[in-house]
Each structure stands twice: as C-alpha cells, then as structure tokens.
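Asker: how would this look folded up:
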Amino acid sequence: MAFYLKKTKLKGRTYLSIDESFYSSEKKGTAHRCYKSLGSVETWLEKGLADPIAHFQLEVDALNQEKAEDGVRKISDISPILYLGYFPLKSILEKLRIKKYVDYFKLTHDFQFDLYELLSSLIFARAVNPCSKYRTFHEVLPNLYEPVHYSYDQLLDGLSFIGNDYQKFVEIFTVQTKKVFGLDTSRSYFDCTNFYFEIDREDDFRRKGPSKEHKKEPIVGLGLLLDNNQIPIGMKMYPGNESEKPVLRDVIGQLKAQNNITGRTVHVADKGLNCAQNIASSKKNGDGYLFSKSVKGLPETEKTWVLLEDGWTDVKDKKGSLLYRYKSCVEKFPYKVEHDGKGSIVYLTEKRLLTYNPSLAAKKRYEICRLAEKAKALTVSGAKKTEYGEAGKYVSFTDKAGEKAVVKINQGAIDKDLKFAGYNLLVTSETEMSDRDIYSTYHNLWRIEESFKIMKSDLDARPAFCQKEETIKGHFLICYLTVLLERLFQFKVLENKYATTEIFRFLKDFRVTKAETKYINTATSSDIINELSLKLKLPLTNYFLTETQVRSILNHKI
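Answerer: Okay, here's the model as predicted:
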C-alpha cells in the first residue's frame, strides 16, 4: 500500500495529514490510518511556508520511495553459493580418523585455533576452487557449508607449522591409509618433478635448476611415491638445484621405516632416476628395481644387439597394424658403485627388455630433424653456443688460438639419434617376470605423471606465491593430501570407473545456491552424480534441497 497527503476542511481552515493505506484482514480490504498530523495550511502560511501543500507532498513522495526501496530485495555481500562437492573427501578424511592424531599437537603447542579444522578446510578449499591463500580465505572458505574459526594470519601460521613438519603429516596419512584401506607395496612407483616461483633471486630452498616447464626462475623439487594401486604413500621436497636421484632412496627408506615394511618391494622409475647407486641400494635392501635406460648410452656390443633383426615379437592391433615390438635377454651386467668413497665394479644379473614403437620413432625423428634444421640455420649466422639450446648437441665448436671459433654441424650425432629413434630399454632385477608384465608395469608410471598433472593443473599448485620455506612446504602438503583423498575416492569408492578429470569436475561443480529456506542444486547432471546418488542413497539429483538434506550429504559416512 502507499502514503498520501490528506486534506480536510473544517470551519474555514484546511487541515493536512499524511495518511497510509493498508490491507485490513478484518475488513478484508483496504483501510486507512493517520501516519502523521501536520496542522492547517493557514498556520504554515503564517509561519512563512509559501506552499505547504507542495512542501508536504514532497515528504509523502519520499516516504513512498523509501517504502518501495524497502520492498526490493538487495544483493548481499555474502555469496548465496555453497560448495558441496567436497563431501566425499570429508567422509574419507573422517574415515581415516586423522583428527585424533593431529589433535595431539595441541599437547605441546599453544594453538589459538583448531589445527585439524585448518588442515581439513584448506584441503576442501583446494579441491573445489584452487587459488591463492588470500583468495582462499576471503572467497572460498566462506562458501563452504561450515564456517571456519581462524583468521587469515592464523591460516598462514598454521600453514607454516604443518609445512615445517610436513613429513610427520605424510606419515600420519600413510599409516592410517594402510590401516583403513590397505596398501600394496609389492611394487612402488616413483618420479620427481619441480615447481617454479616467479621471483628474481634464489634462496636456500628455491634454487635454479633444470625446470620441467623450461622456466628460468628458481624451482623446488618434489618426489612422489605411489603404491601398486596408484595411491600416494610418500613425498619429499628438496632444493631445485639438487639431483633427484638420491631422493628415491630417501623416500623409500623413510616409507619402510614408518610402516615397518620388511617384505620385498620392486621400485619402478624412469631413466632420470636410473643410476648405479639406486640399483645397488635396492639390491642391498633386498628389494627389486625396474628402470628405463638410455639406448644411446649403451656400450657398442649392446647397441649391436639392439639393432639386430632377430628375436623380436610383434604386438599388433585388431587391424593388423604394428603397435610395438619387443625382445629380451637375461645376463650379468657391470655397474660401477661407490662404497666408503671408493669405486668398484659389481656384476648384477638382470633382465633387459627392448621395445621399438613405430609411432614414437616417427615423433622422435621429426623432433631430431627440427632441431637439426635449427642448428644449421644458426651456424650460417655464426651464432654463439649459448643460443643453441637443445639443438647445441648437433653442433661442434673448434677453437683456434687467436681466431673465432669455427662452428660445424655434427652430422654423426644427428645420424646416431635417428638410428635409435623409437627404441626404449627396460632393465629389471625381476628375471622371472614376463616381458609383457614388465612392459605393462613400467607403463603404469603414467599414473604418477597424472598425479603431477593434478597438482599442477587441477589443483593450481604452480606458480607458487608463498615466500617462507615452511609455508611453501605447507602449500605442497595440502596439494599432496588433496591428491591422496581424491585417489582414495577414485579407486576405493568409485572403483576406478571414472577419469580423474571427471572427478575433479564433480568436486568443483557440485554446488547449491541458498534461496530463503531452501537450496537450489545448480550442478549439471552427470554419470558420477547419478551413480553416487544411487550408491550412497543421497538426494544428489534433486533440484530443491532442504537444510536437513544438505546436512545429510555433508555428514554422510562412506
């Protein structure tokens, strides 16, 4: 209803009032009441008000405008969107019973916040909307169903604390994962990667080294260990200028000590981690190994075996096209190892599986020819050695006293690379292992590459903007634990029916919007949502959700 200016004539005078019309339930219609009495026009004229009616009409208009604005719903500074996709991770985390172990840190540290709440909420926020810690605190955490009870400064303090002791938290999660879900360490997969930082100067932890993204900024290395079922079971961080080869020994040694693993395990890694010391360490600890090895670096007698045409077994597709070829041998091979600072030669009996992939060969030949053409173009212009990059291996520089260096194409190096394009050699201590099993086991390393991809893409772990070493380690610990929970959800709950990209799409997109007393489910229908709804008996496909239903989703026990 509305306000209006009422004029009443009485005994030769005109009285004014602001009246309000409203709906009366008693009359079942419109009724009126006085909102404000204004006196007579004549009195206001005597007081010097030139046009009392026009003056008070403006007041009536202002009241009606204010009432109209009051009736319009305004936007809020609090987003009505709530993230719900993290509920499987929350359920798995509770199933692991991590809280009681994290709470033990309270006995020796005077925290002014709940460390477990901080750890778990940062994992959930990283899964549903990865971003900087500042944006996480101000934009993501408020949109989780349960509010957090710590400040931004406390978030940074907590992140620094868990980063300083990150290996303890990795151990807690690994031990509990083994206890609740089980781990298969008969074979373990290991690889390393690095993450760059957009800073100009190095420090003790962020150092310049060979970057996976070919960046020139300082980097930090990260080694990741998976069990036979691709579940993360170990992580180690190290300065970017250090070799990644000793990290394999460190992580596996820590894992065995933490979990009292005494049985034999087989370590699987690519050629970047294949060195005599890692092989010797595996043998010394009663373990096995399966590494790839560079064919170009083999002795000439072994290269002759590589190029021999006999002994190959072809693997073809349904149309009869060649997928790859393989052949193998079992012999004793020499390795130079160091012990107490002295080098010695040891002979190890191992199986070697050689494969040839025509598709890989074509790809490698194209890359070699492209680099060779780049090298030839640079020699014409008399370029400096530093300008060649990877193409520099196809160039030879001859220095003469008092003269400019002569630059020539090294055709021998080009021909050598072309000759061995498409070949890959796998070496293993498991001499009784079948050729096909060796091949499939090694190629499961793509799972660990996928884990790195998850960190770098789905979890937006790079570039990292943390400054202190402890907060950097805390940041990557959160990423690691998020990958661990996602893997458990993928393999133990969804039984590996869905790809990682589909799972993270579900985690990020399953949201609701609060509309007064109920919630509207804005997620797009998918196979994962339909299966989870049936499997867990949850109303995940409902368009409208009540407060009780939302709580039942978040508190569901897997």
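Asker: Domain boundaries for the protein, per the record?
Answerer: 3-70, 361-419 (automatic domain parsing).
Asker: low-scoring stretches of the stretch 401-550 of the chain, by residue?
Answerer: Low-confidence regions of the stretch 401-550 of the chain, defined by pLDDT under 70, span residues 401-407, 458-467.
Asker: tell me what the strand ranked longest in the chain is packed against?
Answerer: Ranked by residue count and defined by DSSP state E, the top strand of the chain is strand 322-339. In this structure, strand 322-339 packs against helix 276-284, strand 313-316, strand 342-356, helix 435-443, with contacts taken as 3 or more CB pairs under 8 Å, 6 or more residues apart in numbering; DSSP states H and E. Placement of C-beta: from N, CA and C, glycine included.
Asker: got these as JSON lines, with mean neighbour count and distance to Leu82 columns?
Answerer: Putting the helices and strands packed on strand 322-339 into JSON lines (neighbours: other CB atoms under 10 Å; distance: least, CB to CB, whole Å) gives the following:
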{"stretch": "helix 276-284", "mean neighbour count": "18", "distance to Leu82": "48"}
{"stretch": "strand 313-316", "mean neighbour count": "12", "distance to Leu82": "51"}
{"stretch": "strand 342-356", "mean neighbour count": "16", "distance to Leu82": "51"}
{"stretch": "helix 435-443", "mean neighbour count": "16", "distance to Leu82": "41"}
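Asker: so which strand or helix has the closest residue to Asn164 other than its chain neighbours?
Answerer: Residue nearest to Asn164 in three dimensions, not counting chain neighbours: Glu470, with 4.4 Å by CB to CB, 6 or more residues apart in numbering. Secondary-structure assignment from DSSP states H and E places Glu470 in helix 469-488.
Asker: ok, Val512 to Phe544 distance?
Answerer: As defined by CB to CB, to the nearest Å, Val512 lies at a distance of 10 Å from Phe544.
Asker: and the residue nearest to Asn164, what does it touch?
Answerer: When the contact criterion is CB atoms under 8 Å, 6 or more residues apart in numbering, the partners of Glu470 are Leu159, Ser160, Phe161, Gly163, Asn164.
Asker: The same query, at a cut-off of 6 Å, please.
Answerer: With contacts defined as CB atoms under 6 Å, 6 or more residues apart in numbering, the neighbours of Glu470 are Ser160, Gly163, Asn164.
Asker: three-state assignment of the first one?
Answerer: Going back to what we said before, that points to Ser160. At Ser160, secondary structure determined by DSSP: H, G, I helix; E, B strand; the rest coil is helix.
Asker: There's contact between it and Thr471 in this structure, I believe.
Answerer: Yes. Applying CB atoms under 6 Å as the test, Ser160 and Thr471 come out as touching, 5.0 Å apart.
Asker: of these two, who's got more company?
Answerer: When Ser160 and Thr471 are compared for neighbours, Thr471 comes out ahead with 22 against 17, by other CB atoms under 10 Å.
Asker: mind giving me JSON lines with the domains of the chain and columns for distance to Asp287 and mean neighbour count?
Answerer: Formatted as JSON lines, these follow (distance: least, CB to CB, whole Å; neighbours: other CB atoms under 10 Å):
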{"stretch": "domain 3-70", "distance to Asp287": "74", "mean neighbour count": "13"}
{"stretch": "domain 361-419", "distance to Asp287": "32", "mean neighbour count": "14"}
